[in-house]
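Asks: Next input, structure requested:
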Amino acid sequence: MLRTALVAALAAVALAVGALALTVSAWWWWAAAPLLVAAAVGTYDVTQRRHSVLRNYPVVGHLRHLMETIRPEVQQYFVERDYDGRPFDKDTRSTVYERAKGVADEDPFGTELSVYEPGYEFFTHSVVPKPVPEAPPTVRVGGPDCTKPYGMALLNVSAMSFGSLSAQAVRALNKGAAAGGFAHDTGEGGISEHHLRYGGDLVWEIGTGYFGCRTDDGGFDAAEFARKAAGDSVRCVSLKLSQGAKPGMGGVLPGAKVNAEIARVRGVPEGETVISPGYHRVFSTPRELVRFLAELRRLAGGKPTGFKLCVGSRRDVLAICRAMLAEDSTPDFIVVDGAEGGTGAAPMEFVDHVGTPLTEGLAIVHNALVGTGLRDRIRIGAGGKVATGADIVRRLIQGADYTNAARAMMFAVGCIQSQRCHTNTCPVGVATQDPGRARALDVPDKALRVRRFQQATVRSAMQIMASMGVTDPALLRPHMLRRRTAYDTVVSYADLFTWLEPRQLLDGGGLPGEWARAWDESDPDAFVV
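Replies: Below you'll find the model as predicted:
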């Protein structure tokens, strides 16, 4: 066939040039060497049976694989516009980088967004704006059963485990949090020495694997939990029910990645594969969940204790609220993770199609607590693509009390959105356990960037609120955020979503249909499928 003949001809030319290099002049090797390599590659291509493209297009077919390898970089740097990149556009990434570096982040010449396209959102400013407060407010986290409340910042480091992140990245985040006075969520991988080195405030996250407080058979070790929760750096405890990237899905940590340090931190055998199930072993009903949260708070010496979830159904949330009422016990906080969250690697189907986006998830949790009369006892955190001051204000209006950021904090540490987090080949040393790659991350410099980014972003949020005539986030209201739903139609969030009145679910008067059905079907003793 033609391709075989071409490879044969290439080999013949390569051999001829090689002969010239041997008999005439060594300078001919400059031509012979690449020709001989190409001939060898071509011979392999036409004889192998795994890749049809290479059999039909020997040698040149490898260009396809090369182009696929560099496609993300070409897309990011040369193709996408400033405002339409995914998951984070260039404008957002640039804003984070500039604030982290402490340089001006103003944009000239007006917005690049299409303000008349459906989906565009904007805040309503006041004719009489307020002065921006010198110091940003904090949120008191701690309900009636909490004896050691915590002042949470408006923006904190969201859950990212040591193991997923390098030791250098964890230290930079913690050092930045300590300097800036905001919280650092450990992720479900346990509390490592890197989380403790600089004394930053920790939210210890406990997942289904119970890493760091795990029995030999994978259960929950109450004594070990109590010992570690007593540490001065641990300010809150968060029970992870699910996360936005892969709600309802567990994880597998291959034994090859379980080195001595990670095994020690997680409390698992070195070199053995570790499986995190998609569900908790210590509870199976809403009532058991509420009781377990109360027990965690007791074991933690009264420190704020709550849970994190990506909302599945309104009915499940209401079932948990019913259980709180029945037990007269509430968590101190609930962190709502949106389906757009993404630090956890997961199959594409989960990333794209499972879980409730943050806007709807926040509305459900906030209204469920309001409607059951529990909202004043519980603070709500929000996580899911929070990167700018506008993101903070938007989530506060939608029902949150404070926000968490993961990927934006990674940008501040130096992430370039190469999207290789799960391959151990992160080019900047953030999401890798490769010592050679991780050493590129300078902890003192990146810690300073984390602090600058958090402070500048909260400052931006306070400037936006002041322009709206508000200095206390508690005074933000749904009508202050508006969305264009059509070219000639703008709707405020007050009209876009249903907002329940305090105790409306308990009083039962005039419940909207979707809330009435979910309330009737919810059960404090069962998560109904």
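Asks: tell me the average confidence for the longest helix along the chain?
Replies: The single longest helix within the chain, with elements called by DSSP state H, is helix 443-467. The average pLDDT within helix 443-467 is 96.
Asks: Please name the residues that touch residue 45.
Replies: 7, 51, 54, 55, 58, 59, 61 (CB atoms under 8 Å, 6 or more residues apart in numbering). Placement of C-beta: from N, CA and C, glycine included.
Asks: which SS class is residue 363?
Replies: Following DSSP: H, G, I helix; E, B strand; the rest coil, the label given to residue 363 is helix.
Asks: That one and residue 317, how far apart?
Replies: 11 Å (CB to CB, to the nearest Å).
Asks: quick one: low-confidence parts of the stretch 301-450 of the chain?
Replies: 342-346 (pLDDT under 70).
Asks: Would you map the helices across it?
Replies: 314-327, 348-353, 358-371, 389-397, 407-413, 435-438, 443-467 (DSSP state H, counting those that start in this stretch).
Asks: Of all the ones you listed, which one is nearest residue 222?
Replies: Nearest of these to residue 222, taken as CB to CB: helix 314-327 at 19.1 Å.
Asks: So which bits of the closest one are buried?
Replies: 314-325, 327 (16 or more other CB atoms under 10 Å).
Asks: List the contacts of it.
Replies: So helix 314-327 is contacted by 285-287, 289-291, 294, 311, 330-331, 364-365, 368-369, 372, 374, 505, 514-515, 518-519, 521-528 (CB under 8 Å, 6+ apart).
Asks: Now do that helix against helix 358-371: the angle between them, please.
Replies: 30 degrees (axes from the mean of the first three to the mean of the last three CA atoms, to 10 degrees).
Asks: From residue 304, how far out is residue 234?
Replies: Counting by CB to CB - residue 234 and residue 304 are separated by 10 Å.
Asks: neighbour-wise, which of those two wins?
Replies: residue 304 (26 against 20; other CB atoms under 10 Å).
Asks: ok, the more buried one - contacts?
Replies: So residue 304 contacts 141-143, 146, 148-150, 235-237, 297, 332-333 (CB under 8 Å, 6+ apart).
Asks: need the residues you listed in JSON lines with secondary structure and neighbour count, can you?
Replies: JSON lines is the format used below for these (DSSP: H, G, I helix; E, B strand; the rest coil; neighbours: other CB atoms under 10 Å):
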{"residue": "141", "secondary structure": "strand", "neighbour count": "25"}
{"residue": "142", "secondary structure": "coil", "neighbour count": "22"}
{"residue": "143", "secondary structure": "coil", "neighbour count": "21"}
{"residue": "146", "secondary structure": "coil", "neighbour count": "23"}
{"residue": "148", "secondary structure": "coil", "neighbour count": "14"}
{"residue": "149", "secondary structure": "coil", "neighbour count": "17"}
{"residue": "150", "secondary structure": "strand", "neighbour count": "20"}
{"residue": "235", "secondary structure": "strand", "neighbour count": "22"}
{"residue": "236", "secondary structure": "strand", "neighbour count": "27"}
{"residue": "237", "secondary structure": "strand", "neighbour count": "26"}
{"residue": "297", "secondary structure": "helix", "neighbour count": "25"}
{"residue": "332", "secondary structure": "coil", "neighbour count": "28"}
{"residue": "333", "secondary structure": "strand", "neighbour count": "27"}
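Asks: Was I right to think residue 162 contacts residue 189?
Replies: Yes. Between residue 162 and residue 189 there is a contact under CB atoms under 8 Å: 5.3 Å.
Asks: Common neighbours of those two, please.
Replies: 262, 265.
Asks: Count the neighbours of residue 66 for me.
Replies: 9.
Asks: Wait, a helix at it?
Replies: Yes. The assignment for residue 66 is a helix, going by three-state DSSP.
Asks: From residue 421, how far out is it?
Replies: Taking CB to CB, one finds residue 66 at 22 Å from residue 421.
Asks: Kindly report the same for residue 507.
Replies: Distance from residue 507 to residue 421, by CB to CB: 48 Å.
Asks: Residue 502: neighbouring residues, count only.
Replies: Residue 502 has 15 nearby residues by other CB under 10 Å.
Asks: for residue 520, same thing?
Replies: Residue 520, neighbours per other CB under 10 Å, totals 12.
Asks: Next one, pLDDT for it please.
Replies: pLDDT, residue 520: 92.
Asks: Look up how far residue 316 lies from it.
Replies: Applying CB to CB to residue 520 and residue 316 gives a distance of 14 Å.
Asks: likewise residue 189?
Replies: 26 Å.
Asks: again with residue 155
Replies: Distance from residue 155 to residue 316, by CB to CB: 28 Å.
Asks: Equivalent analysis for residue 304, please.
Replies: 23 Å.
Asks: Surely residue 215 and residue 221 touch.
Replies: Yes. Contact criterion CB under 8 Å: residue 215 and residue 221 qualify, at 4.9 Å.
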